[in-house]
Structure formats: structure tokens, C-alpha cells
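Participant: quick check, what structure comes out for this input:
(2 chains)
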Protein chains: 2
Amino acid sequence: VFLFYSNQIDEAEGKLSEEELHHCIHVLRKKEQEIIHVTDGEGSLIVGKIIQIKKSELKFEIIERQFKPKRSTHNAIALSPPKSSDRLEFFIEKTIEIGINHILLFESKRTERSRVNLGRLEKIATSAMKQSKQLYLPKIEYITDFKSFFKGIGSYDGRFIAHLNGMEKHVFGLIQPTKNNIVLIGPEGDFTQEEVDFAIENNFQPVSLGSTILRTETAGIYCATLLETLSQNL
Amino acid sequence: VFLFYSNQIDEAEGKLSEEELHHCIHVLRKKEQEIIHVTDGEGSLIVGKIIQIKKSELKFEIIERQFKPKRSTHNAIALSPPKSSDRLEFFIEKTIEIGINHILLFESKRTERSRVNLGRLEKIATSAMKQSKQLYLPKIEYITDFKSFFKGIGSYDGRFIAHLNGMEKHVFGLIQPTKNNIVLIGPEGDFTQEEVDFAIENNFQPVSLGSTILRTETAGIYCATLLETLSQNL
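Facilitator: Numbers count the residues shown, from 1 in each chain, chains lettered A, B, ... in the order given. Reported below is the predicted structural model:
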């Protein structure tokens, strides 16, 4: 079953955007009177009946609407974007699929990439949400100032910073799944000591991610797996 | 520090292959008398001094050799390869980085890909081994007959099959890190019931991978993370 996303849904009816419409009528070859499944990205799963197909608009009537409340805790990955767009996009897709709902991309001193195409990453994230049958639109932020990053994360009380010094405990034994957790992952060249110190001042705990050296995007997917597995198995 | 791989190492000396040599002299710009780090892919970490550079050969003298014994247990991921080569290659790279040493690719009834380029995948795996600073060359197998797959896995006593029926327990609580574990992951269209039954007859336990629907390659990386985290934190 394919899941569509729409932000144009009212009490009785909804519309698909041009892009979603294309997939619906040209790939899945849906016709008027047929049934589609749509989420509003805010917890609703809607069964809709197509009532009108125009060139750039598809209207559906709401037949059934289920609401799934948000989980009481959520987790975030904060990552310094890798140089390769492929690796960054793969990280976004996988992390969202696994169930992370909030991704923060930040620039630190040794970050090798100075711009990201947030619009494109949001499209990939929305697509991963639909693919993995989730009902909440993920949030991606891009933060160009490492220090200001710490101002926007008040809701996270489980705070971890992964870096490569090798003497830290593994993050796995430290995650508290009853809290909102965030893991901070540095660039290929690692954080500077000043950045690590600043994170520690902001109550981040240094952690290890195991005995092998992970690339930035792998570290992100690895942490996403552990956080979501522990939160989902509470 | 860059780690090279060579399968031409004797007591006192070793050689780099043409490909490794290229990286050594053209990218890292190493010269004669300089130091390099090399693994034989069988547990040795070698400090070598370059003694001769020719067009297609680099010879080094062994200065120091450390041996890291194999961990007493190991884990494997058995996966039906996805249609996209990018996704398959990403799966290989990430799974090896995380520490999995044995990958089995198998064809099942609904597998959408009927060939893999094993040589190319082995290159990616070797590169991921070096990148993540591991000393054991991973093994990748390609099995075209689903049933014969079960004959070659006698050393795995923790056996799991991930499929989408949704009533199973999460794999996380079932992994026994003191055993050799293997997780079997099906194609996008899932296993057939006959295949699941056959796996169960071969002592595979059906498991869930959480509340979101993961793509094949994501499921592989997800399981690799859980298996290796539990084994490394024994």
C-alpha cells in the first residue's frame, strides 16, 4: 500500500500536490472513485476516495480518518554534514526510515561542506516518512553557528557527543529511553577540543560508538538505530 | 592515519598492489623511506618502511607487527540484494564499517536482481575495512539457490528471519551475544510464506525490526548495528 502526503486536508476533503498527483495517476494509475491512503504528517492516516482528477490537482473525499498520537519521547541526531551529497542524503533517508523525527545539521570548525540544499533534504525526508509508513513529518534544521546550536535543544535531556578519543563508554549503556535523547556527531576530521569542551559545559556526555571507526553518516545511522530500538522497546 | 591492505606479505617484507600503490604515492604522496601502515586482512597491523617504489610495485620493510586475535563470536547478515546498485553498495559499506565480517547475498523468489558484481562488492568491502581500521578481511558470498543457503551456515546458532507480518518480537531482545548470530532479510516484496516456513524448519526465529517499515538495505544496517553493539559490549 502506497502512502501519500498532503498538507491540504480539511474536514471532509483533501488535495494532493502536483508531485504526489504525478505518482498517483502516472505511476500507480489511479482513477476517479478509487481509494488512496494519505497522511497529513501530523498523525492522521486517511482513507480517501478520489473524486476529481485535473491536470495539476487531485481531490479526494475523506472516507475514514485514524489518528495516531505522538510517542511521549523523541530522539534527535545532530550531525556535521559530510562533503558528499550522496552520503548526506543517504543519512537523511535511513535515519528517518528508522524513526528519528528531528535531524539537526550543524557547521563545526572542521566541517568540509558549507551549504546544504534543505529543500531537497526535506523532500528525501518526506519520501522516507511515506516509504516507512510513518505519520509525522520529520523536521530538519541547518545551523551555521555551532554555539547557537545549543540554544535550540532545551527539550533534550539525554545529551551525548560522539568523538574519537577512544576512552569513553559506549553510548548503548548510557541511553535512557524514558528521556528525549540527542547525539551530536562531528565531521570526518572530528570536533576540536574546544568544541568538545563547549558541548560538555552544555551537559553533553562524551561517548564511544564501538571498536570500529565509523564515517560521519554511518555514525548517524548507527546512533539512530540504538536510540529508536531502545525507545520503541520501552 | 591511512591503513593499506596487502595480501603479499612475508616475514620481513611486503608489497602493495597496483591499486593501493596509486593511493599511496599519488594521493598521500609517500616517498621511499617513509612509514606506512598495512594490514594483511588476517589480524596483523604492520608498520612498514617504504624501501622501493617502481611503476607498478611498492616494496616495504616490516618495522613492527602486531597481531589482534579474532573475537570469539561473529555475526552475519544475509540479505536479498535490492534492485539499485547504489543501495546494495551502501549496505555493504555500512555493514562492514559497523563490524560485520560475513555477508551473504541470496536470491529468493521475489528478489528483483538476478546478478551481483561480486568483485566490485569485495573492493567496497575491503575499502570499508581499511576506512574503519579493521584487520580482518570480510567475506561476501552470493547464493543463487535459497534452499542451499541453509547448508553453509552451520557455525551460526543464533538464527533470525526478519519479515513483515508484524506479530513477532523485536530482534533486540532475542539476540544472544555469546553466540554467532545471523539475520536473514528478504526482498522489498518480502519472503514467500514457503520461504519463511523453510527458514523456521531450519531453526530461524521470526523477528520484528521495530514499528517502521524499513527498506531491505536499511534493515541490514539496522541489524548489523544491533548485533555488533551487543557483541562488542559483552
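Participant: contacting residues around the stretch of helix or strand A:Ala76 belongs to?
Facilitator: Using DSSP states H and E, A:Ala76 sits within strand A:75-79. Strand A:75-79 is contacted from outside by A:91, A:95, A:100-106, A:149, A:153, A:156, A:180-185, A:216-217, A:219-220, A:223-224, A:227-228, A:231, using Cβ atoms under 8 Å, 6 or more residues apart in numbering or on different chains. Every residue, glycine included, has its C-beta placed from N, CA and C.
Participant: ok, A:Ile143 - contacts?
Facilitator: A:Leu104, A:Leu105, A:Phe106, A:Glu107, A:Phe149, A:Gly152.
Participant: any idea which helix or strand carries the first one?
Facilitator: By that I understand A:Leu104. Per DSSP H and E: strand A:102-106 holds A:Leu104.
Participant: what packs against that strand?
Facilitator: If contacts are counted by 3 or more Cβ pairs under 8 Å, 6 or more residues apart in numbering or on different chains; DSSP states H and E, strand A:102-106 sits against strand A:75-79, helix A:85-98, strand A:139-143, helix A:146-149.
Participant: figure out how far the helix ranked longest in chain A is from the centre of its chain.
Facilitator: If you go by DSSP state H, chain A has its longest helix at helix A:216-232. Distance of helix A:216-232 from the chain centroid (Cα atoms, centre = their mean, to the nearest Å) equals 11 Å.
Participant: okay, angle between that helix and helix B:216-232 too, please.
Facilitator: 80 degrees (axes from the mean of the first three to the mean of the last three Cα atoms, to 10 degrees).
Participant: what does chain A put close to chain B?
Facilitator: A:86, A:90, A:93-94, A:97-99, A:131-134, A:170, A:172-173, A:210-215, A:218, A:221-222, A:225-226, A:228-229, A:232-233 (Cβ under 8 Å from any Cβ of the partner chain).
Participant: ok, of those residues, which come out buried?
Facilitator: Among those, the ones that count as buried by 16 or more other Cβ atoms under 10 Å in any protein chain shown are A:90, A:93-94, A:97-99, A:131-134, A:170, A:172, A:210-215, A:218, A:221-222, A:225-226, A:228-229, A:232.
Participant: what about the helices in chain A?
Facilitator: A:18-22, A:85-98, A:118-131, A:146-149, A:193-201, A:216-232.
Participant: tell me which of these is the most buried.
Facilitator: Stretch with highest mean neighbour count among those: helix A:216-232 (a mean of 26; mean count of other Cβ atoms under 10 Å in any protein chain shown).
Participant: residues in contact with A:Asn101?
Facilitator: Counting by Cβ under 8 Å, 6+ apart, A:Asn101 touches A:His74, A:Asn75, A:Ala76, A:Tyr136, A:Pro138, A:Lys139.
Participant: how close does the closest residue to the second one other than its chain neighbours sit to A:Phe160?
Facilitator: Right, the one you point to is A:Asn75. Leaving aside its sequence neighbours, A:Asn75 sits nearest to A:Leu227 (Cβ to Cβ, 6 or more residues apart in numbering or on different chains; 4.0 Å). From A:Leu227 over to A:Phe160 the distance is 9 Å, taken as Cβ to Cβ, to the nearest Å.
Participant: shared neighbours of these two, anything?
Facilitator: A:Ile175, A:Asn181, A:Val183.
Participant: strands - which of those residues land there?
Facilitator: A:Asn181, A:Val183 (DSSP state E).
Participant: need phi/psi at A:Ile100.
Facilitator: A:Ile100 adopts backbone torsions of phi -70, psi 140, taken as degrees, to the nearest 10.
Participant: now for it: which residues touch it?
Facilitator: Contacts of A:Ile100 (Cβ under 8 Å, 6+ apart): A:Asn75, A:Ala76, A:Ile77, A:Pro138, A:Ala224, A:Leu227, A:Glu228.
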